[in-house]
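In: generate a structure from the sequence data that follows.
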Amino acid sequence: MEKEAAVSAETTATLKLEVDKLRRISKRDGVNMEYLKNIVVQYLSLRDDTKKRTLARVLETLLQVRISIQLAFLLISFLSPGI
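Out: Residues are numbered from 1 along each chain as shown. The predicted structure follows:
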């Protein structure tokens, strides 16, 4: 009986994580890609770290993730190699 309860609790936790993941994905689907592209271009063109941090927070909001400035730069570089 305890084993079944533990499996049930684990399954419930896993399902909750999946629901949260799907909610974040659903929110991302509404992102205006032109706006996102403009933010990425602005980020790449900036030299001021303060302004880059501000745009990193905008990217975090748009993409519904927490990212560091370095990770944001790597992500942007990967997604837009032609810039």
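In: now do the domain split for this protein, please.
Out: 1-30, 32-83 (automatic domain parsing).
In: list the buried residues of the first one.
Out: Judged by neighbour count using 16 or more other Cβ atoms under 10 Å, domain 1-30 contains no buried positions. Where you see a C-beta, it was placed from the backbone N, CA and C, and this is true even at glycine.
In: also stretch 72-83?
Out: By 16+ other Cβ under 10 Å, the buried positions in stretch 72-83 come out as 72, 75-76.
In: what is the nearest of those residues to Met33?
Out: Taking Cβ to Cβ as the measure, Met33 sits nearest to Ile76 out of these, at 13.9 Å.
In: doesn't Tyr43 make contact with the closest one?
Out: Yes. Ile76 lies in contact with Tyr43 (Cβ atoms under 8 Å); the separation is 6.1 Å.
In: what about this protein, any weak spots by pLDDT?
Out: Across the chain, the ranges flagged by pLDDT under 70 are 22, 25-31, 64-70, 81-83.
In: the longest helix in it is where?
Out: Criterion DSSP state H: the longest helix present in the chain is helix 2-29.
In: which is the next helix or strand following that helix?
Out: Next in sequence after helix 2-29, counting helices and strands by DSSP states H and E, comes helix 33-45.
In: and that next one with helix 2-29, angle?
Out: 90 degrees (axes from the mean of the first three to the mean of the last three Cα atoms, to 10 degrees).
In: quick check: next helix or strand after helix 33-45?
Out: Taking DSSP H and E, what comes next after helix 33-45 is helix 49-63.
In: pull out the buried positions in that following helix.
Out: The neighbour-count check on helix 49-63 (16+ other Cβ under 10 Å) flags 52, 55-56, 59, 62-63 as buried.
In: for that helix, C-alpha coordinates in CSV please.
Out: Output of helix 49-63 as CSV, limited to C-alpha atoms (Å, rounded to 0.1, in the frame of the first residue of the first chain):
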residue,chain,number,x,y,z
ASP,A,49,26.3,45.7,-19.7
THR,A,50,23.5,47.4,-17.8
LYS,A,51,21.4,47.7,-21.0
LYS,A,52,22.3,44.1,-21.9
ARG,A,53,21.0,42.9,-18.5
THR,A,54,17.8,44.8,-19.1
LEU,A,55,17.3,43.1,-22.5
ALA,A,56,18.2,39.8,-21.0
ARG,A,57,15.3,40.2,-18.6
VAL,A,58,13.1,41.0,-21.5
LEU,A,59,14.2,37.8,-23.2
GLU,A,60,13.6,35.9,-20.0
THR,A,61,10.0,37.2,-20.0
LEU,A,62,9.4,36.6,-23.7
LEU,A,63,10.8,33.0,-23.5
